[in-house]
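Novice: Just a sequence and a predicted model for now, questions to come.
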Amino acid sequence: MIGFLILVAAFVAFVGVLQYQKVKTTARRRSFIQDYDLTHLRPKLSHHYPELTNEQLTQVELGLKQFFQANLLLEDQSLAMPSRVVDALWHEFILHTQEYHSFCYEAFDRFLHHCPSEAMKGKNKAQLSLRKTWRACCSIERISPRRPAALPILFALDALLNIPNGYYYSATDFREPITKGDSSTTTYAGHIGCTSMDSGDSSTSSSSSSNSSCSSGSSCGSGCSS
């Protein structure tokens, strides 16, 4: 009996250590993403959006970091990219192949793929992918995802910066339907892209991500991650 109790105590202690290590690792990765310097990408983004000021470019960088934080929060799930200007910055980052590869493995211990909107298969998957991004970003900013009073920065940027052909949202777009089973207020984001995760070597795929497609089972928007 005593031996059994010792085994149980040892198991509980082992699980506790694993949980502590996971929390510590997640905190380290969160800080790594938040502190990462993206300013060297500004000249390229300014080429696409010359009207943006340095302050506005900083906001775009914060939007991309929020998207990365959302992917860290939801780990292996595919998330839609709801901003055209942030998607453009993401593309520029991906073109720095080695740097992006190193960033992904430090931040996620995986490679974060970018998939085009054509990879989306069906309206429902597009909605689900966008909803996941929405809930993750709301969690990060401590916004109620069901009754939001404001938009997370990632969802607000295109309208805030008057991005041509941008993706504009309002808080009411994401409010939960009052009637159970009624999905009439759900936003379809078929214009967005998505991301995908890969634990294998993806050094050659990152530079051609705009021509890639999401792996089976992933749910994508205009640009999405998986």
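Specialist: Thanks, I have it. For clarity, every value in this text was computed on a predicted model and none was experimentally measured.

Novice: Which parts of the protein are helices?
Specialist: Chain-ordered helices for the chain, with DSSP state H as the definition, fall at 2-35, 42-48, 54-74, 84-95, 97-107, 123-141, 153-160.

Novice: Take these and write them to TSV, including mean pLDDT.
Specialist: TSV is the format used below for the helices of the chain (pLDDT from 0 to 100):
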stretch	mean pLDDT
helix 2-35	77
helix 42-48	98
helix 54-74	97
helix 84-95	97
helix 97-107	97
helix 123-141	89
helix 153-160	97
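
Novice: for those, which one sits closest to residue 224?
Specialist: Put simply, out of the helices of the chain the one that sits nearest residue 224 is helix 123-141, at 5.7 Å, with distance taken as Cβ to Cβ. In this view, the C-beta of every residue, glycine as well, is placed from N, C-alpha and C.

Novice: Can you list phi and psi of residue 161 for me?
Specialist: Summarising the backbone geometry of residue 161 under the convention degrees, to the nearest 10, its torsions are phi -100, psi 0.

Novice: can you pull the contacts of it?
Specialist: Residues near residue 161 by Cβ atoms under 8 Å, 6 or more residues apart in numbering: 49, 52, 56, 59, 60, 85.

Novice: Now the third one. Nearest residue, chain neighbours left out?
Specialist: When you say that, I think you mean residue 56. Closest residue to residue 56 apart from its sequence neighbours, by Cβ to Cβ, 6 or more residues apart in numbering: residue 161 at 5.6 Å.

Novice: From residue 61, how far off is that neighbour?
Specialist: For residue 161, the distance to residue 61 equals 12 Å [Cβ to Cβ, to the nearest Å].

Novice: With residue 85 instead?
Specialist: Relative to residue 61, residue 85 is positioned 11 Å away (criterion: Cβ to Cβ).

Novice: Residue 174 now?
Specialist: With distances defined as Cβ to Cβ, the gap from residue 174 to residue 61 amounts to 24 Å.
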